[in-house]
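predicted model and sequence follow; I will ask about them next.
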Amino acid sequence: MKILWNTIFLAVLIWSGILPHDTLTWFLEVLPAIIGFGVIIATYKKFPLTPLVYGLILLHMIILMVGGHYSYAEVPLFNEIKDFFGSTRNNYDKLGHFAQGFIPAIIMREFLIRKSIFNSPKWRSFFTICFCLAFSAFYELTEWWAAISLGDGAEDFLGTQGYVWDTQSDMWYALVGSVLSLLLLSKFHDKQLSKIMEEK
């Protein structure tokens with residue numbers, strides 16, 4: 001699994017970097033994936049994660065790298081979806097922000113359970129959702145800082161496409177993603193957690 005995971009990551013990273021829509025946008029979008037890859041390599045032996053979490057992280061990285069290659073406003077499949085439904089915007093960025101809640105929720109859940117930070121599942125879920133929403137809000141702040149620093153060059157990175165409520169809807173999608181993730185994946189996650197904790 002380790003070899004397959006690394007192969008997929010590196011293959012998509014290389015592909016995304018070949019003639020991207022905009023080089024600066026590509027760098028800004030894939031930087032979190034590259035940092036995440038470094039963290040996974042550094043912690044793989046000391047704190048191995050469940051296969052579910054590794055799979056979700058890879059999926060999130062792919063979403064970032066695809067968005068970096070095309071820019072979030074120009075992903076071809078979502079342009080076709082936009083045209084099919086007669087929409088005015090490419091909504092690939094909303095998929096990205098949904099994933100920004102859906103995937104970190106299980107990562108945080110695993111960390112909280114394995115470190116025994118909360119005894120109450122309800123408090124654990126509450127904290128996880130709050131963390132995902134805070135993480136989404138922080139990302140929106142980084143987009144704002146990028147806009148101030150880059151000026152007109154930040155348009156592709158921001159991906160607002162003229163939607164005045166883009167920032168608020170991004171955080172809403174992350175919130176919905178985190179809640180759905182806990183509802184849909186917790187039982188399956190528990191099974192994998194029990195296996196990995198038995199091995200220790």
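That came in fine, so what should we check first? Numbering: from 1, shown residues only.

off-centre distance for the longest helix along the chain?
The residue-count maximum for a helix in the chain (DSSP state H) belongs to helix 166-198. Here the centre of mass of C-alpha atoms in helix 166-198, compared against the chain's by Cα atoms, centre = their mean, to the nearest Å, lies 12 Å away.

so for the host helix or strand of residue 52, mean pLDDT?
Assignment of secondary structure by DSSP states H and E places residue 52 within helix 51-70. For helix 51-70, mean pLDDT rounds to 97.

can I get that helix in PDB, CA atoms only?
The C-alpha coordinates for helix 51-70 follow below in PDB (Å, rounded to 0.1, in the frame of the first residue of the first chain):
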ATOM      1  CA  PRO A  51      -5.800   2.900   5.900                       C
ATOM      2  CA  LEU A  52      -9.000   5.000   5.800                       C
ATOM      3  CA  VAL A  53      -7.100   8.100   6.800                       C
ATOM      4  CA  TYR A  54      -4.300   7.500   4.400                       C
ATOM      5  CA  GLY A  55      -6.800   7.000   1.600                       C
ATOM      6  CA  LEU A  56      -8.700  10.200   2.500                       C
ATOM      7  CA  ILE A  57      -5.500  12.200   2.700                       C
ATOM      8  CA  LEU A  58      -4.400  11.000  -0.800                       C
ATOM      9  CA  LEU A  59      -7.900  11.900  -2.100                       C
ATOM     10  CA  HIS A  60      -7.600  15.400  -0.700                       C
ATOM     11  CA  MET A  61      -4.100  15.800  -2.200                       C
ATOM     12  CA  ILE A  62      -5.400  14.800  -5.600                       C
ATOM     13  CA  ILE A  63      -8.200  17.400  -5.300                       C
ATOM     14  CA  LEU A  64      -5.700  20.000  -4.500                       C
ATOM     15  CA  MET A  65      -3.300  19.100  -7.300                       C
ATOM     16  CA  VAL A  66      -6.100  18.900  -9.900                       C
ATOM     17  CA  GLY A  67      -7.300  22.300  -8.800                       C
ATOM     18  CA  GLY A  68      -3.700  23.600  -9.000                       C
ATOM     19  CA  HIS A  69      -3.200  22.300 -12.500                       C
ATOM     20  CA  TYR A  70      -6.400  23.800 -14.100                       C
END
